[in-house]
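Enquirer: okay, structure incoming, though there's no sequence with it:
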């Protein structure tokens, strides 16, 4: 638990650090041969003063350790593991609660290999972590590629490898024959699948026959052409603001914040006999709260950027870590333990506020509130920052924090203006513990959402739609029973009774649980479509009115559309995209929309967070002029969206002709079915008119 919280605190401190870009470590890589069958891949790094690079094999609970990853290792085999060389420092780290090994000034990591073929082709990269005493860099990589003739070859190893490959192919052929012979149903299903695949085989063949100029034409940027069309207003930032506002309202009624309101307002009124000055200072206090939280959102935006946030939101390690953190926070809300920042932090800041005067004193008091209330606001802030990151908009975290801070700060100003309202405000009591438990159940439910994102992005299939819904049904069913007083948690008042508001909340929670039950058999459940895994992950599905993409590859889909003479809708989506799931459940399930997409268009869905490795990494020049290596399918489609269409937010729907040119303006999240039909019909009409000329 201590190590988990240390990782969380490190992430929090890193976010608060200086947002300027830094490059404190510079690595070079080369292949060291000695004329024999063995060689070494050597990564040598120079480290700026004050920084250090972590060594290998530190464990899952530690910082980013040095590891080597291979995209291609044809003609070689690895000998041992990645080995550090040089002056390695070993020291106890209080933050992680463990002994860490790292390098200062310089570092070297070596991977031994053995050549097994006359020619070799190596593509790999070193991943490492670098920190100083104040902050840490995101995990960084160093690429290495080398191909050519091998100095010498281990003949026995080459012969053994060839024999192993032949045996593996023979076993696969025997297994396929056995499956078809022993399981007639499986053989029949395979025939059906082959027949369905044959419908698009001509498109696949057409892609194979495309030359480089034809492929480049499909990728030609069309940003200016899209700008010529009238584009609907994107209200996603407005939704993010209201999401932050809701988070702030929830935090306001927690035991860490609500009791502070009357104490703080009374302090300002007693501090100044003149009521007008007291009101002015209380308003300044509220504005300071807004500035602090907005600054947090702004630093996150500047530190990571839209693309990095979007990538982070689907990173498996990050999502699993955040899932575990939400479970920990939920346990804290249930009363298992109390999570607080070090008391020395708040004491020092409080002392500084007493020693100063004027605006600085008030600002430090607001900062003290932020630290003292962390145990209640931290889970809500963390969830909000990660949730808005998938929008891909660089200002989204700032807008979310603005909404959160406004909801948190307004009561202080209102009660300062009208002190008599304090008498009518509800007093602190057992109802706040009930609210914390309710938030704990909600945190637990959303923890599954983050686990689901990692599961979908990496194709693990451990949390398919029916499993996800079953867990949500249990969670919200238990929440309803708790609100009815069927059981208590350790910090609840003895003899707790259900009051009228709790009864109606219990009714709502139990009704919601019952509403999700038909989803186990395939009901679309539009109310939870944004959070549940997509319908195609469900094994047992009685619901048939669905729209599925015909292609998940851009070039193959474009080739099919050209052969059939149909326009194309390109759907830029993501496994972790909440609004994408909403659109698919609320708009695509409409019979008119479904018919149009299935019959009149070739639908291509491109998942920008698909972690499936590319057959071979691609090096491209990004829109900002930097060299970038694309290693996964998601990297490729994300780059296509930025390069060709000038956007990196999802969902994004673009209607194009067979040459890749836009037929109308793009659309994003908007559940207006009539407008969506106009969008599709306009594209179809423009396609027909364009083909007449």
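Expert: In hand now; what should we look at? Bear in mind that the values here come from a model prediction, so they are computed numbers and not experimental data.
Enquirer: residue 144: which element?
Expert: Residue 144 is part of strand 140-149, with elements assigned from DSSP states H and E.
Enquirer: need the three-state assignment for residue 151.
Expert: Under DSSP: H, G, I helix; E, B strand; the rest coil, residue 151 falls in the coil class.
Enquirer: burial of it, as a residue count?
Expert: 14 (other C-beta atoms under 10 Å). To be clear about C-beta, it is placed using only N, CA and C from the backbone, and glycine gets the same treatment.
Enquirer: OK, contacts around it?
Expert: Applying C-beta atoms under 8 Å, 6 or more residues apart in numbering to residue 151 gives the contacts 33-37, 39, 115.
Enquirer: nearest residue to residue 56 in space, please, no chain neighbours.
Expert: Counting by C-beta to C-beta, 6 or more residues apart in numbering, residue 66 is the residue found nearest to residue 56 once chain neighbours are left out, at 4.9 Å.
Enquirer: from residue 497, how far off is that neighbour?
Expert: 58 Å (C-beta to C-beta, to the nearest Å).
Enquirer: the more surrounded of these two?
Expert: residue 66 (24 against 8).
Enquirer: which stretches of the stretch 301-450 of the chain form helices?
Expert: Using DSSP state H, counting those that start in this stretch, the helices of the stretch 301-450 of the chain run over 316-333, 343-355, 358-372, 374-389, 396-417, 421-424, 430-458.
Enquirer: mind giving me the packing neighbours of the third one?
Expert: For helix 358-372, the contact count by 3 or more C-beta pairs under 8 Å, 6 or more residues apart in numbering; DSSP states H and E identifies helix 260-271, helix 275-313, helix 343-355 as packing neighbours.
Enquirer: how far off helix 396-417 does it point, in degrees?
Expert: Counting by axes from the mean of the first three to the mean of the last three C-alpha atoms, to 10 degrees, helix 358-372 points 110 degrees away from the direction of helix 396-417.
Enquirer: quick revisit: what helices or strands is the strand holding residue 144 leaning on?
Expert: Using 3+ C-beta pairs under 8 Å, 6+ apart: strand 140-149 touches strand 25-33, strand 38-47, strand 119-128.
Enquirer: what's the pLDDT at residue 474?
Expert: Here, the pLDDT recorded for residue 474 equals 96.
Enquirer: and for it, the neighbour number?
Expert: If you count neighbours by other C-beta under 10 Å, residue 474 ends up with 11.
Enquirer: gap between it and residue 49?
Expert: Distance, residue 474 to residue 49, by C-beta to C-beta: 54 Å.
Enquirer: repeat that for residue 148.
Expert: 38 Å.
Enquirer: comparing these two, which residue is more hemmed in?
Expert: With neighbours defined as other C-beta under 10 Å, residue 148 and residue 49 compare such that residue 148 has more, 11 against 8.
Enquirer: does the more buried one touch residue 117 like I think?
Expert: No. Using C-beta atoms under 8 Å, residue 148 is not in contact with residue 117; the gap is 11.5 Å.
Enquirer: still on that earlier bit, what pairs with the strand holding residue 144, parallel or antiparallel?
Expert: strand 119-128 (antiparallel) (DSSP bridges).
Enquirer: quick one: the strand it pairs with to strand 25-33, angle?
Expert: Using the same axes, to 10 degrees: strand 119-128 against strand 25-33 is 150 degrees.
Enquirer: same question for strand 119-128, mean pLDDT?
Expert: Averaged over strand 119-128, pLDDT sits at 91.
Enquirer: check which element follows that strand along the chain.
Expert: Reading on from strand 119-128 to the C-terminus, the next helix or strand found by DSSP H and E is strand 130-131.
Enquirer: isn't residue 91 right up against residue 98?
Expert: No. Contact criterion C-beta under 8 Å: residue 91 and residue 98 do not qualify, at 10.3 Å.
Enquirer: what sits closest to residue 632 if chain neighbours are left out?
Expert: Nearest residue to residue 632 in three dimensions, chain neighbours excluded: residue 611, at 5.2 Å (C-beta to C-beta, 6+ apart).
Enquirer: ditto for residue 687
Expert: Of all residues not flanking residue 687 in the chain, residue 567 sits nearest, at 4.1 Å (C-beta to C-beta, 6+ apart).
Enquirer: ditto for residue 586
Expert: Using C-beta to C-beta, 6+ apart and skipping residues adjacent in sequence, the residue nearest residue 586 is residue 671, 4.8 Å away.
Enquirer: residue 551 now?
Expert: Leaving aside its chain neighbours, residue 551 sits nearest to residue 557 (3.4 Å; criterion: C-beta to C-beta, 6+ apart).
Enquirer: what's the average pLDDT for the helix or strand encompassing the one you found?
Expert: According to DSSP H and E, residue 557 maps onto helix 554-564. Mean per-residue pLDDT for helix 554-564: 89.
Enquirer: what sits up against the helix or strand just after it?
Expert: For helix 554-564, the following helix or strand on the C-terminal side (DSSP H and E) is strand 568-573. The contact list for strand 568-573, computed with C-beta under 8 Å, 6+ apart, reads 549, 554, 557-558, 561, 580, 597, 601-608, 637, 641, 645, 647, 650-658, 680, 683.
Enquirer: just the buried residues out of those, in ChimeraX syntax.
Expert: To isolate the buried members of the contacts of strand 568-573 in ChimeraX, using 16 or more other C-beta atoms under 10 Å:
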select :549,554,557,558,561,580,597,601,602,603,604,605,606,607,608,637,641,645,647,650,651,652,653,654,655,656,657,658,680,683
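Enquirer: so which of the contacts of strand 568-573 belong to helices?
Expert: Within the contacts of strand 568-573, residues falling in helices by DSSP state H are 554, 557-558, 561, 580, 637, 641, 645, 680, 683.
Enquirer: so can I have JSON lines of the residues you listed showing distance to residue 447?
Expert: Converted to JSON lines, the ones in helices among the contacts of strand 568-573 look like this (distance: C-beta to C-beta, whole Å):
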{"residue": "554", "distance to residue 447": "34"}
{"residue": "557", "distance to residue 447": "36"}
{"residue": "558", "distance to residue 447": "40"}
{"residue": "561", "distance to residue 447": "41"}
{"residue": "580", "distance to residue 447": "21"}
{"residue": "637", "distance to residue 447": "28"}
{"residue": "641", "distance to residue 447": "29"}
{"residue": "645", "distance to residue 447": "34"}
{"residue": "680", "distance to residue 447": "37"}
{"residue": "683", "distance to residue 447": "40"}
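Enquirer: out of those residues, which comes closest to residue 508?
Expert: Comparing the ones in helices among the contacts of strand 568-573 against residue 508 with C-beta to C-beta places residue 580 closest, at 26.8 Å.
Enquirer: my guess is that closest one meets residue 586, correct?
Expert: No. Contact criterion C-beta under 8 Å: residue 580 and residue 586 do not qualify, at 11.1 Å.
Enquirer: quick one: terminal-to-terminal distance for stretch 648-655?
Expert: By C-alpha to C-alpha, to the nearest Å, the extent of stretch 648-655 from end to end equals 17 Å.
Enquirer: quick one: it to chain centroid distance?
Expert: Its chain's C-alpha centre and that of stretch 648-655 lie 17 Å apart, by C-alpha atoms, centre = their mean, to the nearest Å.
Enquirer: low pLDDT regions in the stretch 351-500 of the chain?
Expert: The stretch 351-500 of the chain contains residues with pLDDT under 70 at 351-358, 369, 371-376, 378-380, 382-394, 416, 419-420, 422-430, 457.
Enquirer: all helices for the stretch 451-600 of the chain, in order.
Expert: Using DSSP H, counting those that start in this stretch, the helices of the stretch 451-600 of the chain run over 465-483, 500-516, 554-564, 578-586, 591-595.
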